[in-house]
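Novice: sequence first, then the predicted structure:
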Amino acid sequence: MKNEEIQKKYLKKIDQIKKHNKHYYDRDKSIISDQEYDYLKKEIVDLENEYSFLKSNESPTKSVGYKPSKNFKKVKHKVPMLSLANAFDEEDLQNFEKKVINFLSLKKTSIIAYSTEPKIDGISASLTYFNGKFIQGLSRGDGTEGEDITQNLKTIKDIPQEITAANFPKEIDIRGEVFIENDDFKKINEKFANPRNAASGSLRQKSSTVTARIPLKFIAYTYGYVDEMNILSQTDFLNNLKLWGFKINPFNKKISGIKNLIRNHKKLEEKRKEIAFDIDGVVYKVNNFNLQKRLGFAANAPRWAIAHKFSANSSVSEIINIEIQIGRTGALTPVAKIKPVNIGGVVVSNATLHNEDEIIRKDLRIGDTVTIERAGDVIPHVISVDIKKRDKKSKKFIFPLSCPSCGSKTIKDYNETTKKQDAVRRCSSEGYECEKIAIEKIKHFVSKEAFNIDGFGKKIVENFWNLKLIRLPQDIFNLDYHKIEQLEGWGKLSVTNLKFFINQKKKISLERFIYSLGIRHIGQENAKIIAKHLKNSENFFKLSDEKNAESLFNIDGIGATQIQSIKNFFLNRINLKVMFELKKNLEIEKAVLIDNKGLLKNKTFMFTGKLNGISRAEAKSLIEKNSGKIISNVNKKLDYLIVGEKATTKKINIAKELNIKILEQKEWMELLNKTS
Ligand code: IVH
């Protein structure tokens, strides 16, 4: 390539990164994934390293972030807020350490101790304290100049307003990350794509009362300007931060040796989904402050620190076919069948394409070369298409206008609230008339959160459907056991068990019953509040009268969408028949009124391991009856971890690290005895 072409290619990439910076920093909305951003940045750095004539003031190696927004007063940071260089693998880490050792002209075999800190994916902020008082808070802005967001930062409970400790410096900028925990993110409205955007957006609200509504957290990790401080290392500094009243990351550690850094990185990557907030890597800082001072800064990042990012979790593959799956609510989900690729140790051959709009937006076609991302528990999905590799003869993908299962017309609903057409196309049949929907509805009926019939999983539903043993939910309670006994893989014992498990579930709570019907927009939470409101199944069946359905308007949390959906459900002839038949077979219990004054009020619990003589479900309901709450992650919000037999040591260890009370089953039972 000629120099001119290289320059052109380079400037194009700079333009792209500028655009993405604007989205990320100023509009709180990324349009590419973090991996794609990091990759673009790496391409620029690589080009600069290869061709020394390439220069731009807007290169990510020169500038940090984006100019502050106009909404806030701009204030210069006394000490700039810099960025960190990235490392992706062992080789990058070896190079980093070599540079440190060379720079300090130490012996090649020297051992460097690092403070290792999970890199929280939030928004950094700098808090100025003068005479122990929090006087000003700034966002990072472009690194030199930040935005004055003092009032908004004051709404964050983790930020101490006043510090009286004797060794707290007279003037200091405490720096750290503002973020939102994943559980809290789920609770706030879906305006933001991810917790980072939500934190950034709410922190930069014009009105601090709006910020205060969002449960932002703050974890401290470094300092900017300081007038005098007698602390010799980063780990000591972190300990002092804690003594001064700041929150610090519970997973911080002091480590030396690249192999040990990698071991810790791997452990944290595995732990990632159990941690209450998003982390995207681990930051390593040379621990000794004296050495840090000597190492100083390169263009826009310190020489004494590096961010070891988590693996990209993406790979390139080709779309072989696009199949349409039909869900319980009739939603048509396009799924790309791709040439199998290994992404982070898992072979992926399917990727969701979400819905029709997504296909149109990305113009996805059969035969396309695509980048697939698989992160944590998220279903693998396509993040981008390489248009250059597209076959000239390829054709746009036409989304089916009739249901591939039953042939009914497919439709897009109009959403009254957003005043927009849904992105999802659905089968217009009313439910059980469509074979694929019916199968999905029965799968839902027997699922863990609904009837929870032991040993009656999705595979059995499909198997029994193919053998015409079931067509509607009530068929489960009138199975032809003789026929089943003759089937391959079944015998007397397994049939007796199946019969026992099914009969056991003939007694069912009202909320589970409502949820199991799979009424659109009535999930577990709504089913629970409706059950609590209606108290018994008779009242529920009376909802077939429109007037009674309208009365649900009085319930907090139930709106027009849910009521319309309930009305539609009761208008359907087959649904009425299903309910009538189920009623004959079942004993639907009255809703239990939860005692909100229970002794476990405001306390959260989690179980690990097998409990003795009591099922998990019953144990959970015991806690709920006493106003306690069950959560599914070991995080700071957990008060008690109840440990049964063969418990996961991983969970116990995290609980120990977080100082969570660990109870054996016996101790927990004793606690319950006190409550009743
Ligand atoms: S130290 C000069 N420590 O990562 C040192 N940064 O890419 C700069 N971050 O702007 C910061 N966790 O938003 C540091 N334990 C940690 C961090 C951390 C997250 C973020 C921070 C910073 C960015 C640098």
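Specialist: Here it is on my side, so go on. Computed from a prediction, not measured in an experiment: that's the story for all the values here.
Novice: give me the secondary structure label for the closest residue to Ile558 other than its chain neighbours.
Specialist: Excluding the flanking residues, the one nearest Ile558 by CB to CB, 6 or more residues apart in numbering is Leu552, at 5.0 Å. No exception for glycine: its C-beta is placed from N, CA and C like everyone else's. Here Leu552 is recorded as helix under DSSP: H, G, I helix; E, B strand; the rest coil.
Novice: from here on, call the first residue 66.
Specialist: Renumbered: residue one is now 66, and that last one reads Leu617.
Novice: how many neighbouring residues does Leu617 have?
Specialist: Other residues near Leu617 come to 20 when the count uses other CB atoms under 10 Å.
Novice: now do the strands in the stretch 466-615 of the chain.
Specialist: For the stretch 466-615 of the chain, the strands defined by DSSP state E, counting those that start in this stretch cover 475-480, 485-492, 572-574.
Novice: out of these, nearest to Leu360?
Specialist: Closest of the strands of the stretch 466-615 of the chain to Leu360 is strand 485-492, at 50.4 Å (criterion: CB to CB).
Novice: in contact with the residue nearest to the spatial centre of the chain, which residues?
Specialist: Of all residues in the chain, the one closest to the mean position by CA atoms, centre = their mean is Asn247, 5.8 Å from it. Each residue near Asn247 by CB atoms under 8 Å, 6 or more residues apart in numbering is listed here: Pro260, Ala341, Phe342, Asp343.
Novice: separation between it and the ligand?
Specialist: Taking CB to the nearest ligand atom, to the nearest Å as the measure, Asn247 falls 16 Å from the ligand.
Novice: what separates that residue from Cys499, distance-wise?
Specialist: 35 Å (CB to CB, to the nearest Å).
Novice: repeat for Lys597
Specialist: 32 Å.
Novice: these two: which is more packed in?
Specialist: Cys499 (22 against 15).
Novice: isn't Asp540 up against Leu534?
Specialist: Yes - Asp540 lies in contact with Leu534 (CB atoms under 8 Å); the separation is 7.0 Å.
Novice: His85 contacts Tyr104, correct?
Specialist: No - with contact defined as CB under 8 Å, His85 does not count as touching Tyr104 (11.3 Å).
Novice: the more surrounded of those two?
Specialist: Taking other CB under 10 Å, His85 and Tyr104 do not tie; His85 has more neighbours (18 against 14).
Novice: up against the ligand, what does the stretch 466-615 of the chain have?
Specialist: When proximity is defined by CB under 6 Å from any ligand atom, the stretch 466-615 of the chain lies next to the ligand nowhere.
Novice: what does stretch 110-119 contact?
Specialist: By CB under 8 Å, 6+ apart, stretch 110-119 touches Asn68, Ile71, Gln72, Lys74, Tyr75, Lys78, Lys120, Ser124, Pro125, Thr126.
Novice: the same query, at a cut-off of 7 Å, please.
Specialist: Asn68, Ile71, Gln72, Tyr75, Ser124, Thr126 (CB atoms under 7 Å, 6 or more residues apart in numbering).
Novice: how about those in TSV, adding neighbour count and pLDDT?
Specialist: Shown next, in TSV, are those (neighbours: other CB atoms under 10 Å; pLDDT from 0 to 100):
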residue	neighbour count	pLDDT
Asn68	10	85
Ile71	15	89
Gln72	17	90
Tyr75	20	92
Ser124	21	79
Thr126	17	70
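Novice: wait, which of those is closest to the ligand?
Specialist: Within those, proximity to the ligand (CB to the nearest ligand atom) peaks at Thr126, which comes in at 13.0 Å.
Novice: element containing that closest one?
Specialist: In this assignment (DSSP states H and E), Thr126 forms part of neither any helix nor any strand.
Novice: tell me who's in contact with it.
Specialist: Val110, Glu113, Ala364, Asn365.
Novice: show the buried residues in these.
Specialist: Glu113, Asn365 (16 or more other CB atoms under 10 Å).
Novice: can you list the contacts of Thr126 in JSON lines and add pLDDT and secondary structure?
Specialist: Output for the contacts of Thr126, formatted as JSON lines (pLDDT from 0 to 100; DSSP: H, G, I helix; E, B strand; the rest coil):
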{"residue": "Val110", "pLDDT": "82", "secondary structure": "helix"}
{"residue": "Glu113", "pLDDT": "84", "secondary structure": "helix"}
{"residue": "Ala364", "pLDDT": "70", "secondary structure": "coil"}
{"residue": "Asn365", "pLDDT": "76", "secondary structure": "coil"}
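Novice: quick one: which of the contacts of Thr126 is nearest to the ligand?
Specialist: Asn365 (9.2 Å).
Novice: isn't that closest one right up against Leu149?
Specialist: No - Asn365 lies out of contact with Leu149 (CB atoms under 7 Å); the separation is 9.4 Å.
Novice: what separates Ser121 from the ligand, distance-wise?
Specialist: 20 Å.
Novice: now do that residue against Tyr102, distance only.
Specialist: For Ser121, the distance to Tyr102 - CB to CB - is 17 Å.
Novice: for Thr229, which non-adjacent residue is spatially closest?
Specialist: Gly197 (5.8 Å).
Novice: would you check that Phe510 makes contact with Ile518?
Specialist: No - Phe510 lies out of contact with Ile518 (CB under 7 Å); the separation is 8.8 Å.
Novice: what touches both of the two?
Specialist: If you check Phe510 and Ile518 against CB under 7 Å, 6+ apart, no residue is contacted by both.
Novice: just the CA trace of whichever strand or helix holds Asn304, in CSV.
Specialist: In this assignment (DSSP H and E), Asn304 forms part of helix 299-308. Output of helix 299-308 as CSV, limited to C-alpha atoms (Å, rounded to 0.1, in the frame of the first residue of the first chain):
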residue,chain,number,x,y,z
GLN,A,299,-1.4,1.4,46.4
THR,A,300,-2.6,-1.5,48.6
ASP,A,301,-2.0,0.7,51.7
PHE,A,302,-3.8,3.6,50.0
LEU,A,303,-6.8,1.2,49.3
ASN,A,304,-6.8,0.2,53.0
ASN,A,305,-6.9,3.8,54.0
LEU,A,306,-9.7,4.6,51.6
LYS,A,307,-11.7,2.0,53.5
LEU,A,308,-10.8,3.5,56.9
